[in-house]
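1. Fold the following and give me the result.
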Amino acid sequence: MSNAITRRTSSPVQKRAWLKWAIAVTASLGAMLEVIDTSIVNVALTDMQASVGATISEIGWVVTGYAIANVIIIPLTAWLGDAFGKKRYFVFSLLGFVVASVLCGLAGNLSALVASRVLQGLLGGGLLAKAQSILFETFPPEQQGVAQAVFGVGVIAGPAIGPTLGGYLTDALGWRWIFFINVPVGIVAVLMAVIFLPADELHPNRPIPKVDWWGIALLAIALGSLQTFLEEGEQDGWFESYFITLLAITASVGLLLFIWRELSTTQPAVDLRVLRHRSLAAGSVYSAVVGMELYGTLFVIPIYAQTVLNYTAQQTGLLIMPGALASAVTMVVMGKVSGKIDGRVLIAGGSIFIAMVMFNLADLNPNTGSDALFWPLLWRGVSIVLMFLPLSLVTLGPLPKKDIPAGSGFYNLTRQLGGSIGIALLATVLDRRHAFHRAVLVEHVTPYDLQTQERVNALMGAMQGQGADAATAHQQALALLDQTLDGQAMLLAFEDLFWVVGLIFLVTLPLLFLLGKGDRPVPAGGH
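-> The predicted structure follows:
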């Protein structure tokens with residue numbers, strides 16, 4: 001009898017604990033779908049280009065359109081959750097994301113593909129911010145570390161898994177399957193969300209939030225212009241282009257008007273007043289730096305592997321995979337210990353660690369093999385988790401519960417924008433430093449330089465040994481010399497780039513003094 005009573009009285013508690021983790025897996029699965037689709041298309045762009053008959057710049061909008069839609073919708077997720085119900089909005093976003101994925105896979109021309117990707121980005125953007133806010137609202141402070149670790153596995157590993165998975169699916173089944181693969185996973189996520197997420201609370205007398213149309217319009221104009229400026233600026237020559245200059249002006253004016261509008265209206269689409277919390281303000285800036293490293297280096301490392309080391313897309317994906325797995329393992333470990341150590345100490349350690357990894361990568365050379373890259377990329381995966389998980393806790397943990405949805409939306413927006421800024425910045429650094437080093441090297445490669453003459457003669461001898469006549473061998477020797485020179489210039493440019501990333505992490509360390517420990521909430525009006 002006593003055993004029966006014990007089982008009867010303990011089962012609700014056990015059920016509640018089990019349900020919390022079911023909610024955590026559900027929310028994280030939705031977020032992982034969105035994050036993977038940010039990068040999964042990168043390795044399939046060439047196949048898409050041939051399939052829909054697009055130019056290189058045109059097919060780039062498959063990536064750009066998704067990114068623009070993402071950054072526009074993420075800040076609106078708190079308002080959309082309040083207006084339609086958190087569970088209803090999350091389930092709608094998941095279901096819509098699956099439908100949009102099917103439309104992407106079925107697209108027969110460029111316009112349909114880009115439009116479907118924009119729709120996918122608008123629906124997927126809501127999954128990331130809502131998933132994190134759901135976890136913060138579901139779990140008590142003492143369990144936040146493990147809960148955020150579950151969420152972080154997808155967010156950290158997703159950008160690395162995406163290219164590997166995309167490369168395999170593209171080679172084995174065709175590029176359309178990088179979208180169709182979302183269907184079975186998405187359906188499972190929808191069913192789990194319907195079953196496990198708590199029902200939206202009904203407030204019959206609660207007024208429906210007014211639609212801040214001006215705020216939404218200004219947000220779309222400002223962030224859309226900013227994202228396009230970052231995505232397209234490098235290839236158009238930045239401010240040498242009238243279009244890019246116009247985008248910069250539009251983004252600047254739009255952001256100022258948006259901030260004024262949201263601070264002056266009583267029911268804003270995006271509650272910027274949550275930035276009164278010092279932890280959120282400082283953490284969001286640091287989140288942009290983490291986003292720059294997370295997305296920025298995952299942008300340049302494949303370029304490095306393929307241009308300098310001559311790796312294939314699949315080899316590049318496999319090169320990145322161990323770091324992603326290291327991130328996932330570290331995330332689980334960190335979830336158990338993060339609450340016992342000052343988050344600022346962990347973030348500082350991760351920042352210093354990743355700076356050292358970047359400085360180590362700057363010493364690579366054309367003879368570097370995958371074995372020499374294995375450990376730096378593995379430690380990069382570990383160190384990014386040392387920053388990511390504690391940063392979420394010290395940034396959002398001190399916020400009162402009512403401010404978490406808005407705070408989570410803003411925090412995730414800064415990480416996405418940080419990634420876009422990082423990619424734009426690193427692409428510019430790479431391009432400018434490549435041109436600089438090439439110009440310096442060319443100064444020493446002249447017909448009057450003895451070493452140059454010896455090199456050309458040696459290459460000509462090799463070409464003639466393969467049957468080429470003197471004139472053809474001379475042209476081929478010059479082409480090979482130019483190729484070698486260009487490769488050396490690119491290698492030096494990558495060295496500069498890795499130094500820049502490492503120094504950014506060291507320079508931003510003082511921001512940690514503005515963060516709290518993340519171990520206790522502050523009052524609603526506190527800082």
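2. From here on, just use CA atoms for contacts and neighbour counts.
-> Fine.
3. Now do Tyr205, the pLDDT please.
-> Quick fix: residue 205 is Asn, not Tyr. We have a pLDDT of 61 for Asn205.
4. Now Gln416, what are its backbone angles?
-> Main-chain dihedrals, Gln416, degrees, to the nearest 10: phi -60, psi -50.
5. Could you report the neighbour count for Ala147?
-> Residues within reach of Ala147, counting by other C-alpha atoms under 10 Å, total 26.
6. Strands of the stretch 351-500 of the chain, residue ranges please.
-> Counting by DSSP state E, counting those that start in this stretch, the stretch 351-500 of the chain has no strands to list.
7. Show me the shaky parts of it.
-> Counting by pLDDT under 70, the low-confidence segments of the stretch 351-500 of the chain come to 366-370, 448-449.
8. ranges for the helices of it?
-> Secondary structure of the stretch 351-500 of the chain (DSSP state H, counting those that start in this stretch): helices located at 370-396, 404-444, 450-465, 470-507.
9. Redo the ones you listed as a markdown table? Include mean neighbour count.
-> Output for those, formatted as a markdown table (neighbours: other C-alpha atoms under 10 Å):
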| stretch | mean neighbour count |
| --- | --- |
| helix 370-396 | 22 |
| helix 404-444 | 21 |
| helix 450-465 | 16 |
| helix 470-507 | 18 |
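10. Tyr89: which of these is closest?
-> helix 404-444 (12.9 Å; C-alpha to C-alpha).
11. Could I get the buried residue list for the helix or strand encompassing Gln148?
-> In the assignment (DSSP states H and E), Gln148 maps to helix 144-172. Of all the residues in helix 144-172, those buried under the rule 16 or more other C-alpha atoms under 10 Å are 144-170.
12. what separates Asp200 from Val507, distance-wise?
-> Distance, Asp200 to Val507, using C-alpha to C-alpha, to the nearest Å: 44 Å.
13. How about the contacts made by the most centrally placed residue in the chain?
-> When C-alpha atoms, centre = their mean is applied to the chain, the residue found nearest the centroid is Tyr295 (4.4 Å). Residues in contact with Tyr295 (C-alpha atoms under 8 Å, 6 or more residues apart in numbering) are Pro159, Gly419, Ser420, Gly422, Ile423.
14. For stretch 114-124, the averaged confidence score.
-> Mean per-residue pLDDT for stretch 114-124: 92.
15. hang on, the earlier thing: what angle sits between the helix holding Gln148 and helix 370-396?
-> 140 degrees (axes from the mean of the first three to the mean of the last three C-alpha atoms, to 10 degrees).
16. Can you give the distance of helix 144-172 from its chain's centre?
-> Once both centres are worked out by C-alpha atoms, centre = their mean, to the nearest Å, helix 144-172 turns out to sit 11 Å from its chain's centre.
17. next SSE after it?
-> Counting by DSSP H and E, what follows helix 144-172 is helix 177-180.
18. list the buried ones in stretch 112-130?
-> Neighbour-count burial for stretch 112-130 flags 113-130 (criterion: 16+ other C-alpha under 10 Å).
19. any chance of the helices of the stretch 351-500 of the chain in CSV, plus distance to Ala362?
-> Listed next are these as CSV, based on distance: least, C-alpha to C-alpha, whole Å:
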stretch, distance to Ala362
helix 370-396, 11
helix 404-444, 13
helix 450-465, 27
helix 470-507, 4
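20. how about the ones you listed, which one is nearest Ala189?
-> Ala189 sits nearest to helix 404-444 of all these, at 20.8 Å, using C-alpha to C-alpha.
21. Who are the packing partners of the closest one?
-> Contact here means 3 or more C-alpha pairs under 8 Å, 6 or more residues apart in numbering; DSSP states H and E; on that basis helix 404-444 packs against helix 61-73, helix 77-84, helix 110-138, helix 213-232, helix 278-307, helix 370-396, helix 470-507.
22. Any chance of CSV for those, columns distance to Asn42?
-> Shown next, in CSV, are the helices and strands packed on helix 404-444 (distance: least, C-alpha to C-alpha, whole Å):
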stretch, distance to Asn42
helix 61-73, 8
helix 77-84, 26
helix 110-138, 13
helix 213-232, 14
helix 278-307, 9
helix 370-396, 20
helix 470-507, 20
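23. Among those, which comes closest to Leu33?
-> Taking C-alpha to C-alpha as the criterion, helix 110-138 is the member of the helices and strands packed on helix 404-444 that comes nearest to Leu33, at 8.0 Å.
24. Give me the helices and strands touching that closest one, please.
-> Contacts defined by 3+ C-alpha pairs under 8 Å, 6+ apart place helix 110-138 against helix 2-39, helix 61-73, helix 77-84, helix 86-106, helix 144-172, helix 404-444.
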